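>>> Make a model of this:
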Amino acid sequence: MKIKSVSLFWILGLFLISLNSNSQESKLSRQELKEARKAQRAANFYVLDSLLNSKNFVLQADFLQTRWGDMVNVVPTLNFIKVNETTGVLQTGNNSRMGYNGVGGVTAEGSVGNWKIYKDEKHQNFRLQFSLLTNIGLYDVFMDVTADNHARATIHGLGREQLTWNGHLETIGNSRVFKGHNSI
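Reported below is the predicted structural model:
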């Protein structure tokens, strides 16, 4: 019995010492963590710069938002904006029903035009504008991308309607999107 209580005492003591040393390490490394995050953001900014300028990326949406602010959780593999040099795809989809495109939504594919990128090095973000001429209409796309790889793209058609994709960017090779049939 005495051996068990002495062993328990030592184990408890070692546990308290390790907790104390971990808390001191975390206090010392807060500045280091802040500097590491800043360096990571700067590196991400330059990677995103080359990705956007190559015109080979996919915005995979986690949320879709209507012009009235209604936000819906969506499947990123079915809801995306894809740009592949001179062509582009806008797609919405849903796992639970069939749509015009076979995946519960709409797919518009066409040619990319009026490509403009605005880079803000101070705030480490990008503003991208382009148009997409598809078989179902002309769309203007306005995209904001931060160095943390948060992307938000709003599309406007010929009418007053608009839809916003909120998500992140991927390279075409790393994305796992599934393109449905072209609508119409």
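>>> Distance of the closest residue to residue 96 other than its chain neighbours relative to residue 166?
In space, residue 96 comes closest to residue 104 once its chain neighbours are excluded; the distance is 6.7 Å by C-beta to C-beta, 6 or more residues apart in numbering. To be clear about C-beta, it is placed using only N, CA and C from the backbone, and glycine gets the same treatment. Distance from residue 104 to residue 166, counting by C-beta to C-beta, to the nearest Å: 19 Å.
>>> sorry, back to before: quick one: classify the residue nearest to residue 96 as helix, strand or coil.
coil (DSSP: H, G, I helix; E, B strand; the rest coil).
>>> Tell me how many other residues surround it.
18 (other C-beta atoms under 10 Å).
>>> and it, what does it touch?
Residue 104 makes contacts with 78, 92, 93, 94, 95, 96, 97, 98, as judged by C-beta atoms under 8 Å, 6 or more residues apart in numbering.
>>> same check, this time on residue 64
Applying C-beta under 8 Å, 6+ apart to residue 64 gives the contacts 71, 72, 74, 79, 92, 163, 164, 165, 166.
>>> ok, back up a step: list buried residues within the contacts of residue 104.
Buried by 16 or more other C-beta atoms under 10 Å: 78, 92, 93, out of these.
>>> Isn't the last one up against residue 78?
Going back to what we said before, that points to residue 93. Yes - counting by C-beta atoms under 8 Å, residue 93 does reach residue 78; the two are 2.9 Å apart.
>>> what do these two both touch?
Common neighbours of residue 93 and residue 78, counting by C-beta under 8 Å, 6+ apart, are 103, 104, 105, 178, 180.
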